[in-house]
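Asker: Below are the sequence and a predicted model for it; my questions follow.
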Amino acid sequence: MSGILFIISAPSGSGKSTLVNQLRSLVSGLEFSVSWTTRGPRGSEVDSREYHFTTREHFEEMIRNGEFLEHAQVFGNYYGTAKSTLHEAFAGGRDLLLDIDVQGAAQVRAKCPDAVSIFLMPPSPEVLATRLRNRSRAEGVLREEVIDRRLAKAKQEIENYREYGYILVNDILDRAVEEMTAIVAAERILRNGNAGANGADRERVLRLAQSCRQASSEARVRPVLQAFGVPVPAATR
């Protein structure tokens, strides 16, 4: 098999789906993994487009059969990535993007240490709460206890940011899309050579991707950590 495995994780409501959709429209040769889940569809979600929706019984049968690359329970529902998705993408010479939570990402990194991991942060709890409320209103259900639970979960997930190679802060969507696109292009250059990019584009892409690496993103990450009440490591104070 060949290909690059990209992992992106983010707290619910961080704008990850919008970012991923724009990325997929801009980048060729990048397949998106459609996860399996036992939760019901939301809003305009369509089976096999956003998720493969299934029953708890079927999901647990897939677990017993060893069909998942990773799986986890989040808010009482199962989510998982089928191994077949990875094999099919790589066999076809395509890269694969996994949209998974921090539990699933840890499982995948253990099995696929060459995976490129990206963590997307919301800029603040206030912005995240607004996004969550807007999404809930669009779905016709707004429950403040659910918003509070997701904000608490977001803090827990953000505490794991150091496990990821790249960090993005989704305060300006266009910039986050540009950075995400640069990360994909840079990893292709580093692993596969020039990949058709001219010298100027190559250097620009590599510089932008480098600025998103965890060690280079401390200045942007620090205010997010502080806003969510996450302890700031000594090196970033």
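Answerer: That came in fine, so what should we check first? Residues are numbered from 1 along each chain as shown.

Asker: Would you confirm that Arg131 contacts Ser14?
Answerer: Yes. The pair Arg131 / Ser14 is scored as a contact, 7.5 Å apart, by CB atoms under 8 Å. Just so you know, the C-beta spots here come from the backbone N, C-alpha and C atoms, and that holds for glycine as well.

Asker: of the two, who's got more company?
Answerer: The residue with more neighbours, out of Arg131 and Ser14, is Ser14; 26 against 18, by other CB atoms under 10 Å.

Asker: What's the separation between that one and Arg109?
Answerer: 20 Å (CB to CB, to the nearest Å).

Asker: In terms of helices and strands, where is Ser84?
Answerer: Using DSSP states H and E, Ser84 falls within helix 83-91.

Asker: Just the residues contacting stretch 83-103, thanks.
Answerer: 1-9, 16-17, 20, 23-24, 29-35, 66-70, 72, 74, 79, 81, 104-105, 108, 157, 160, 163, 184, 188 (CB atoms under 8 Å, 6 or more residues apart in numbering).

Asker: Tell me how far that stretch lies from the chain's centre.
Answerer: 13 Å (CA atoms, centre = their mean, to the nearest Å).

Asker: cool, stretch 59-79 as well?
Answerer: 18 Å.

Asker: next one: stretch 29-48
Answerer: With CA atoms, centre = their mean as the basis, stretch 29-48 stands 14 Å off its chain's centre.

Asker: gap between the two ends of that stretch?
Answerer: End-to-end distance of stretch 29-48: 20 Å, with CA to CA, to the nearest Å as the criterion.

Asker: just stretch 184-200 next, same as before
Answerer: End-to-end distance for stretch 184-200, by CA to CA: 17 Å.

Asker: got it, and stretch 37-47?
Answerer: 10 Å.

Asker: which parts of it are buried?
Answerer: Thr37, Thr38, Arg39 (16 or more other CB atoms under 10 Å).

Asker: sorry, back to before: filter the contacts of stretch 83-103 down to the ones in strands?
Answerer: Per DSSP state E, strands hold the following members of these: 5-9, 30-32, 35, 68-70, 72, 74, 79, 81.

Asker: For this protein, give the helix that spans the most residues.
Answerer: Identified as the longest helix of the chain according to DSSP state H is helix 173-192.

Asker: residues in contact with it?
Answerer: Contact partners of helix 173-192, identified using CB under 8 Å, 6+ apart, comprise 4, 6, 8, 15, 18-19, 22-23, 26-27, 30, 95, 116, 118, 120, 166, 168-170, 195, 197, 202, 204-206, 208-212.

Asker: Any buried residues in that helix, and which?
Answerer: 176-177, 179-189.

Asker: pLDDT below threshold where in this structure?
Answerer: 1, 194-198, 235-237 (pLDDT under 70).

Asker: Try it again at 90.
Answerer: Applying pLDDT under 90 to the chain picks out residues 1-2, 17, 42-45, 49-50, 74-75, 103, 134-146, 191-201, 231-237.

Asker: circling back to that earlier point, so what sits against both of Arg131 and Ser14?
Answerer: Pro122.

Asker: Wait, a helix at Leu168?
Answerer: No. Per DSSP: H, G, I helix; E, B strand; the rest coil, Leu168 lies outside any helix segment and is strand.

Asker: these two touch, right, it and Cys212?
Answerer: Yes. Leu168 is within contact range of Cys212, at 6.1 Å (criterion: CB under 8 Å).

Asker: the more surrounded of these two?
Answerer: Between Leu168 and Cys212, Leu168 has the larger neighbour count (other CB under 10 Å), namely 25 against 21.

Asker: Could you give the bridge partners of that one?
Answerer: Leu120 (DSSP bridges).

Asker: From Thr130, how far out is it?
Answerer: Distance from Leu168 to Thr130, by CB to CB: 19 Å.
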